[in-house]
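Enquirer: Here is my input, please return the structure:
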Amino acid sequence: MITRGHLIGQIIDEFVAVGEQAKLRSSLTLNDLPVYCENFFRDVINITEGWNLVNLNEKRQNEPGLDLSDEAKKVAVQVTNTRTSEKINHTLQKITEDQAKKHKRFIVFVIGGRQKTYDAVNSELAEKYSFDIAEDIWDTHTIAKKAVSLPIERLQSLHELVRKEMARVKVELQIPNEDGEYATSGYTQWEPILKPKAGSGNHFNDWLIADRITPADPQHLQASLALFASQLAALPRITREFLVMLYERCDPDRNGRFRTCPALVLPKVQRTYLGDDLQGELDILVDAGLVALALPEDESDRDSPAEIGLIVPGKCPELKSDFHRYVVEKGLSFRTVVGGLDLSGF
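Expert: Predicted coordinates for the structure are as follows:
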């Protein structure tokens, strides 16, 4: 059972990490904050306080002095990476007459941690807006302290938010190197598209002839190999590996719902596959035309179980019916051919 202490500990650890990252940005005078970060801390504060802050910058670019507002609670928040007294003064100076009418409390939330003292804060401005230096300058430590006394439901909501979103917040706060490149790039979050190898079909036809089988039409065979290779390359790697396991565990001689291709009993796959998204993998493969599902049509058909058929695409019937047997008899590996996209042995 996950305890309150465990949840609070993880929340504090993440806040400490992002606070240090924010301090580093500030030391390099990188004080701008992405709207994503503003929205993250908006949601954090809403959970801890029970408020309904909205991001003013989503309605109006760079709302003067303020970022977040809950007019019903009459509270407004400036989210910043700068912790100086000058920043506090600047925020208070930018408050408009309209904002002052709508809000009774103004808070400055410093991501990187507040200073120990704020002696240089303009006392007249602070008094004008009832701004309490001790109570109205927040940071991640403030939120961590509030988390300790939250009801368990709200604590769990805060933990879930931090768990799901903090990685993105850290990415948004990353500092580019001297070449303007970031340690984490959206371009690197995608699997590379691999280039498959497709054979000419000559080896496959030679094997058919040696087995006293009429060879395949060379044009259809080569086109089918190229199509098969390209469709395999378009799959996510994990899905290709799932398909490999289907080939390795299939029954090529099964006389079930499929007559011309290897097949597996679907209930058996459901019991032996230990991943968490069997249906997702099958959906991708069905959409790619690389497997087909044969399900019982009615109650009278229940004696024959649902099956997964392994399909080789294209217009070459010889490749469709003998792909599996060729790989096995030639001593090739499905992990190389299907998983590694290497059909050069054909």
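
Enquirer: Following the chain onward from the helix or strand of the chain with the lowest mean pLDDT, which element is next?
Expert: The weakest-scoring helix or strand in the chain, judged by mean pLDDT, DSSP states H and E, is helix 4-27 (a mean of 77). Later in the chain than helix 4-27, the nearest helix or strand by DSSP states H and E is helix 35-49.

Enquirer: Show the subsequent helix or strand relative to that next one.
Expert: Following helix 35-49 toward the C-terminus (DSSP H and E): strand 54-55.

Enquirer: how far does that following strand sit from the chain's center?
Expert: Distance, stretch centre to chain centre, for strand 54-55: 25 Å (C-alpha atoms, centre = their mean, to the nearest Å).

Enquirer: partners of the next helix or strand after that strand in the sheet?
Expert: For strand 54-55, the following helix or strand on the C-terminal side (DSSP H and E) is strand 68-70. Strand pairing for strand 68-70, using DSSP bridges, gives strand 54-55 (antiparallel), strand 75-80 (antiparallel).

Enquirer: Please measure how far the first residue of stretch 335-346 sits from its last one.
Expert: 15 Å (C-alpha to C-alpha, to the nearest Å).

Enquirer: And stretch 111-120, by the same measure?
Expert: 20 Å.

Enquirer: contacting residues around residue 267?
Expert: By C-beta atoms under 8 Å, 6 or more residues apart in numbering, residue 267 lies in contact with 305-306. The C-beta positions use only the backbone N, C-alpha and C, and glycine is treated the same way.

Enquirer: confidence score at it?
Expert: If you check residue 267, the pLDDT there is 92.

Enquirer: Buried residues, whatever helix or strand it lives in. List them.
Expert: Assigned by DSSP H and E, residue 267 belongs to helix 266-272. Buried positions in helix 266-272, judged by neighbour count with 16 or more other C-beta atoms under 10 Å: 266, 269.

Enquirer: what about it, distance to the chain center?
Expert: 28 Å.

Enquirer: what does stretch 199-219 rub up against?
Expert: For stretch 199-219, using C-beta under 8 Å, 6+ apart, the contacting residues are 221-222, 225, 316-319, 322, 326, 329-330, 343-346.

Enquirer: Correction: the previous question concerned stretch 330-346.
Expert: 194-201, 203-204, 207, 225, 228-229, 232-233, 240-241, 243-244, 247-248, 326-327.

Enquirer: Perfect, I'm done here.
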